[in-house]
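[1] Whatever this is, show me its structure:
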Amino acid sequence: MEIPMLTDVVIILGLAVVVIMLFQRFRFPTILGFLATGVITGPHGFRIVPDTHQIEVLAEIGVILLLFIIGMEFSLKSLSLIKRTVFLGGAVQVFLTIILVALLLNLAGMALPQAVFIGFLFSLSSTAIVLKLLQDKGEINSPHGKTVLAILIFQDIIVVPMMLVTPLMAGGSQNIAQALLFMLVKGAFVIVFVLLSARYLVPWLLYQVAQTKSRELFILSVVVICFAVAWLTSRLGLSLALGAFMAGLIISESEYSHQATSNIIPFREIFSSFFFVSIGMLLDATFMMQHLPYILGLTLLIMLVKAAVATIAAKILQYPLRTSLMVGLAIFQVGEFAFILSKTGINNGLLSPEVYQYFLSVSLLTMAFTPFVINKYQPLASGISQLLGARPHLNQHTPDHDGDNDPLHHLSDHVVIIGFGINGRYVAKAAKYAGIPYAIVELDATTVRRERQLGEPIVYGDAVHSMILHHVNIHKARVVVVAVSDPVATKRIIISVRQLTDKVHVIVRTLFVLEMEENYRLGADEVVPEEFETSIEIFTRVLAKYLMPRDQIEAFTNSIRASNYQMLRTRANRNHPFGNFEIDLPDFEVASYKIFSRDDGIINLPLREANIRRRFNITIVGIYRDGQIIHNIDADTTLERGDVVYVAGSPPDISCFGNLIRE
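    Model (predicted):
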């Protein structure tokens, strides 16, 4: 028995494997590979799969599962933490794009409902492509990465109301007010149903299913919930996609959401691939080539409009021009949800076949350009901001400025912390605990305002600008800690610091070991790569589980750190004018330890009798006692329990002495 649909599936998936492997060589997104597969196999291409109806059925399932996953990943609690960025930044980007696109099309002679709907389409960006590229670059937690994520979240949310409003815009009802009222009633019913299901019904049901410990039953229950809610909303006259989103939202509030997501994702990947293939099948390559000049012009116009609008949205969130430009250059493309929404427009007569072909062509080109732009958007943003003569954002530009009485102006011998993420927060806590003065430079205005209210000495600004560094008295600081997630910004900050002072000790946090050499070359004194420290933490815990003595573990990790950092640093500083210093003073270190020992051979004895230099091969250079530093160390000086002693010598000798006095 032959199944025609099976033949089409084998052809599409087999060709997709070849096309995507080819695209991966050129670092093109996977979505473009599926779209290209559709173009090749579709009725406008080589007509390998002439009947697209069955593929469209699979595509509809893909849309349902796609929005179901989005709903499950959507958390009201996590959203509340970045609500200002999501709703203010996202609303400005979406609605301003809609207004500009609709205005341009209406002036060109298009009817207002169609113009507004096309504005809907072009206001949406590609969550899948952009987040994948930012994750690959390790910038998802950078200031521009967080802003991009927040705007994309708003787009994912707003696409659902857009689907609901589209039939009303098409004039599907003679009485718009009555239709709107019915839609609100239906929406209220769905919201109440979602709240009750999420609070009571679904957690109880999934608990009963989980009690059986049957993986098959759990997957089946989750799929039934997804399609049942989608069917319910469809029967109410709302979209299947809305129902799928609501079903995901119901499960997201339960403790089983992560397991449900992991079970559904493989199905989503398969079926959503058919959705993108079906979109590619609709693209008429002949039409695209015949109208290529107009399509290229429209593509460039849409890219510029969207990039400018997203830049404005980030500026309204009080980010510097460089960061705002990076946000704009990241989300200039048209996204996958625009394709889903376009189907609603076609069904309601808001998109003619010719306009739809223009939309498809422009959208695919913007998506194709995205990887190339994001790979270069940091130097592009820097160049544009310098060309426009952007002024650095100082603390006085924020509403909470204290004027000339700012205590940051009087700091000296302090720590400057650049970036107030997890690393920056722990450095600040350690400095506060030790009584060390510090100042923080942060780009997120919301964080600045919140932490200022909590009493943190924090300033808003971009530390790549010397004016910001002057503001925190960088020339009087002892240590600068650069703890930002943007590797390009990190390098520019090091350069800016070194242009102002050579005395400050610069400690840099990076993600990868490969970034160390360049940071050392630019002037960093110490570079701490997270992947290296993470590996040390992992094998430390492994050794602890095998009951290796703690002192041996510490000695081993210290030797690993010493050898690897020394190796990397020696390599990085091979062209440094003082590169031979390590030959003259090999393995030389200064360290401090607090004395806990009660050993009467060390404490309460003159140093000539304790004979510490001969016994441990170290030199005591200072003692901190009762709030004062003792500099004049002689043979009659004694050590007391509770002293902090500063010693110089080789790392192994210092470690040996430190272990003794800490016991």
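[2] What average pLDDT does the longest helix seen in the chain get?
    For the chain, the helix with the greatest residue count under DSSP state H is helix 353-387. The pLDDT scores in helix 353-387 average 88.
[3] Show me what the one helix or strand V590 maps to is packed against.
    When elements are assigned from DSSP states H and E, V590 belongs to strand 589-594. Counting contacts by 3 or more C-beta pairs under 8 Å, 6 or more residues apart in numbering; DSSP states H and E, strand 589-594 is packed against strand 644-649, helix 651-662. Quick note: C-beta positions are derived from backbone N, CA and C, even for glycine.
[4] Go through these and pick out the most buried.
    Compared across the helices and strands packed on strand 589-594, strand 644-649 shows the largest average neighbour count, a mean of 19 (mean count of other C-beta atoms under 10 Å).
[5] JSON lines for the helices and strands packed on strand 589-594, including mean pLDDT and distance to R541?
    Shown next, in JSON lines, are these (pLDDT from 0 to 100; distance: least, C-beta to C-beta, whole Å):
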{"stretch": "strand 644-649", "mean pLDDT": "88", "distance to R541": "30"}
{"stretch": "helix 651-662", "mean pLDDT": "82", "distance to R541": "21"}
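[6] Could you export these to a markdown table, including columns for distance to V355?
    Formatted as a markdown table, the helices and strands packed on strand 589-594 follow (distance: least, C-beta to C-beta, whole Å):
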| stretch | distance to V355 |
| --- | --- |
| strand 644-649 | 75 |
| helix 651-662 | 71 |
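[7] just to revisit the earlier point, may I see the buried residues of the strand holding V590?
    Going by neighbour count (16 or more other C-beta atoms under 10 Å), the buried part of strand 589-594 is E589, Y593.
[8] Now do that strand against helix 651-662, angle only.
    10 degrees (axes from the mean of the first three to the mean of the last three C-alpha atoms, to 10 degrees).
[9] Show me how far the helix or strand following strand 589-594 is from its chain's centre.
    Using DSSP H and E, the helix or strand that directly follows strand 589-594 along the chain is helix 607-610. Mean-position distance between helix 607-610 and its chain equals 57 Å (C-alpha atoms, centre = their mean, to the nearest Å).
[10] Equivalent analysis for stretch 351-360, please.
    34 Å.
[11] And for stretch 640-648?
    Distance, centroid of stretch 640-648 to centroid of chain: 44 Å (C-alpha atoms, centre = their mean).
[12] circling back to that earlier point, can you give the contact residues for the next helix-or-strand element following the longest helix of the chain?
    Next helix or strand after helix 353-387 toward the C-terminus (DSSP H and E): strand 415-418. Applying C-beta atoms under 8 Å, 6 or more residues apart in numbering, the contact partners of strand 415-418 are 424, 427-428, 431, 436-441, 463, 469, 472, 474, 477-484, 493, 504.
[13] Type out the PyMOL command that picks the buried ones from those.
    Command for PyMOL that selects the buried part of the contacts of strand 415-418, burial taken from 16+ other C-beta under 10 Å:
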select buried, resi 424+427+428+431+437+438+439+440+441+463+469+472+474+477+479+480+481+482+483+484+493+504
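[14] Neighbours of G62, how many?
    23 (other C-beta atoms under 10 Å).
[15] and R615, how many neighbours?
    R615: 14 neighbours (other C-beta under 10 Å).
[16] Tell me the predicted confidence for it.
    86.
[17] before we move on, what about A285?
    85.
[18] That one and G42, how far apart?
    9 Å (C-beta to C-beta, to the nearest Å).
[19] With V472 instead?
    Applying C-beta to C-beta to V472 and G42 gives a distance of 59 Å.
[20] secondary structure class for I620?
    strand (DSSP: H, G, I helix; E, B strand; the rest coil).
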